[in-house]
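[1] Sequence and predicted structure are below.
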Amino acid sequence: MNRFLLPASALGAAVGGVVLFKDYVTGGLCPSKATIPGKTVIVTGANTGIGKQTALELARRGGKIILACRDMDKCEAAARDIRGETLNHRVSAWHLDLASLRSIQEFAVKVTEKEERVDILINNAAVMRCPHWTTEDGFEMQFGVNYLGHFLLTNLLMDKLKASAPSRVINLSSLAHIAGHIDFDDLNWQKRKYNTKEAYCQSKLAVVLFTKELSRQLQGTGVTANALHPGVARTELGRHTGMHKSAFSSSLLGPFFWLLFKSPQLAAQPSTYLAVAEELEGVSGKYFDGFKEKVPAPEAEDEEVARRLWAESARLVGLDVSHWSPGRGHVQSR
Ligand SMILES: NC(=O)c1ccc[n+]([C@@H]2O[C@H](COP(=O)([O-])OP(=O)(O)OC[C@H]3O[C@@H](n4cnc5c(N)ncnc54)[C@H](O)[C@@H]3O)[C@@H](O)[C@H]2O)c1
């Protein structure tokens with residue numbers, strides 16, 4: 001009997017260790033139980049991955065949820081899933097292609113006309129390490145979708161956000177921002193040899209700089225802006241890198257991914273926390289890694305870089321900054 005005791009307790013300790021380690025890596029569930037009845041939430045890129053799970057979590061908490069997606073079939077399917085799972089029928093699918101300034105403007109006009117309020121804007125959509133593609137307006141795809149599209153969208157919705165204050169903007173960045181650099185001489189990768197990884201890192205650094213500058217400009221308005229690294233998750237984000245569904249479910253690498261990567265549901269917990277937590281009311285201009293506030297990369301804290309990026313971005317998307325004040329974004333025809 002005794003000869004089984006040692007191996008059994010070693011196995012028990014190993015299993016316990018794995019469970020504890022996984023818990024540590026994945027971060028756990030949102031610590032806030034706050035609900036959001038009466039609040040309207042927009043989640044971009046909500047048909048899959050972290051965005052879909054975030055929309056589901058917030059629908060469960062009673063919000064009116066707008067899924068803002070490029071592919072309407074997938075968006076409708078996600079909205080149906082969420083309505084079915086949460087029994088919250090105030091979940092709808094709207095078209096938004098962040099690779100098109102026209103689409104962003106149409107979406108913002110529709111929101112402005114049809115919605116009384118926007119309490120929470122979650123800028124979640126992204127593309128990672130795609131080939132050297134450009135958006136409809138000629139911007140490098142990762143810079144255009146991950147950052148510039150959200151920059152314009154947020155500015156165009158600012159009147160609504162201000163009128164609904166206290167309200168929140170949550171920008172999905174990434175730990176990858178620390179390897180980023182804003183090259184003002186070539187934001188759009190027209191001069192340099194294209195590097196998919198550096199372009200992703202630049203776009204995610206731009207998201208943190210945007211968050212900081214937005215927060216500075218919105219002081220006293222009741223609108224807060226925070227940036228977030230959600231953790232590393234098993235989503236479709238790696239579709240251009242080979243790290244996708246089949247790798248996650250392979251018998252060789254599957255257990256490794258299971259242990260070290262979050263499920264989309266767990267990776268949606270930090271976004272949910274930033275959206276609902278009462279203790280974060282008034283907290284703005286911060287960078288979170290999971291549920292914890294962290295210091296971002298030094299370049300992300302550079303106010304001069306942030307101001308310059310804002311001005312350059314406004315110029316690129318045709319936002320009239322000469323008459324600009326928070327909430328008075330005006331897009332000139334291009
Ligand atoms: N998965 C991770 O490990 C991880 C790590 C750090 C940061 N993030 C960030 O989390 C966010 C969510 O990523 P995910 O892992 O769920 O990825 P995902 O690829 O599963 O989801 C991204 C979503 O963005 C949408 N999207 C892409 N281009 C778009 C466009 N032009 N217009 C509208 N929507 C568009 C996609 O359709 C998809 O719904 C992203 O901002 C990503 O950078 C993810």
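    Looks like it came in fine. Numbers count the residues shown, from 1 in each chain.
[2] Which residue ranges of the stretch 1-150 of the chain form strands?
    Remark: strands assigned in the stretch 1-150 of the chain by DSSP state E, counting those that start in this stretch are 40-44, 64-69, 91-95, 120-123.
[3] Just send those back as TSV, with distance to P131 and mean pLDDT too.
    Every C-beta, even on glycine, is put in place using the N, C-alpha and C of the backbone. Formatted as TSV, those follow (distance: least, C-beta to C-beta, whole Å; pLDDT from 0 to 100):
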stretch	distance to P131	mean pLDDT
strand 40-44	22	99
strand 64-69	22	98
strand 91-95	24	98
strand 120-123	23	99
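[4] would you list the ones you listed in TSV and tack on distance to G84?
    As requested, the strands of the stretch 1-150 of the chain are arranged in TSV below (distance: least, C-beta to C-beta, whole Å):
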stretch	distance to G84
strand 40-44	17
strand 64-69	14
strand 91-95	10
strand 120-123	21
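[5] if we look at stretch 68-80, which residues are touching it?
    42-48, 52, 55, 67, 91-99, 107, 125 (C-beta atoms under 8 Å, 6 or more residues apart in numbering).
[6] ok, now stretch 267-275?
    Taking C-beta under 8 Å, 6+ apart as the rule, stretch 267-275 contacts 27-32, 36, 41, 49-51, 53-54, 56-58, 61, 120, 122, 124, 168, 170, 172, 226, 228-233, 235, 280, 288, 290-291.
[7] what's the spacing between it and its chain's center?
    10 Å (C-alpha atoms, centre = their mean, to the nearest Å).
[8] got it, and stretch 55-73?
    Distance, centroid of stretch 55-73 to centroid of chain: 14 Å (C-alpha atoms, centre = their mean).
[9] now swap in stretch 172-187 and tell me
    With C-alpha atoms, centre = their mean, you get 15 Å for stretch 172-187.
[10] So for that stretch, mean pLDDT?
    Averaged over stretch 172-187, pLDDT sits at 98.
[11] Stretch 272-285 too?
    So the average pLDDT for stretch 272-285 ends up being 98.
[12] Now it - C-alpha only, PDB.
    The C-alpha trace of stretch 272-285 is given here as PDB (Å, rounded to 0.1, in the frame of the first residue of the first chain):
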ATOM      1  CA  THR A 272     -15.000  43.400 -18.800                       C
ATOM      2  CA  TYR A 273     -13.300  44.600 -15.600                       C
ATOM      3  CA  LEU A 274     -12.200  47.900 -17.200                       C
ATOM      4  CA  ALA A 275     -15.700  48.400 -18.500                       C
ATOM      5  CA  VAL A 276     -17.700  47.800 -15.400                       C
ATOM      6  CA  ALA A 277     -15.600  48.000 -12.200                       C
ATOM      7  CA  GLU A 278     -17.000  50.700  -9.900                       C
ATOM      8  CA  GLU A 279     -13.500  51.100  -8.300                       C
ATOM      9  CA  LEU A 280     -12.200  52.300 -11.700                       C
ATOM     10  CA  GLU A 281     -14.600  55.200 -11.900                       C
ATOM     11  CA  GLY A 282     -12.500  58.200 -12.800                       C
ATOM     12  CA  VAL A 283      -9.300  56.200 -13.400                       C
ATOM     13  CA  SER A 284      -7.900  57.400 -16.800                       C
ATOM     14  CA  GLY A 285      -4.800  57.400 -18.900                       C
END
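[13] any bit of that stretch sitting next to the ligand?
    No: judged by C-beta under 6 Å from any ligand atom, stretch 272-285 and the ligand are separated, with a smallest distance of 12.6 Å.
[14] now do stretch 188-206
    No: using C-beta under 6 Å from any ligand atom, stretch 188-206 stays clear of the ligand, with a minimum separation of 6.5 Å.
[15] Which members of the contacts of stretch 267-275 are classed as buried?
    Listed as buried from these are 27, 30, 32, 36, 41, 49-51, 53-54, 56-58, 61, 120, 122, 124, 168, 170, 172, 226, 228-233, 235, 280, 288, 290-291; burial here means 16 or more other C-beta atoms under 10 Å.
[16] Wait, a helix at L309?
    Yes: the assignment for L309, made by DSSP: H, G, I helix; E, B strand; the rest coil, places it in a helix.
[17] follow-up on the earlier one: contacts with the ligand among the contacts of stretch 68-80, please.
    Within the contacts of stretch 68-80, those near the ligand by C-beta under 6 Å from any ligand atom are T44, G45, N47, T48, L96, D97, L98, A99, A125.
[18] out of those residues, who's nearest K162?
    Proximity of these to K162 (C-beta to C-beta) peaks at T44, which lies at 19.4 Å.
[19] Would you agree the closest one is in contact with W94?
    No: counting by C-beta atoms under 8 Å, T44 does not reach W94; the two are 10.0 Å apart.
[20] Those two - which one has more neighbours?
    T44 (26 against 19; other C-beta atoms under 10 Å).
[21] how near is that one to L5?
    Distance of T44 to L5, computed by C-beta to C-beta, to the nearest Å: 55 Å.
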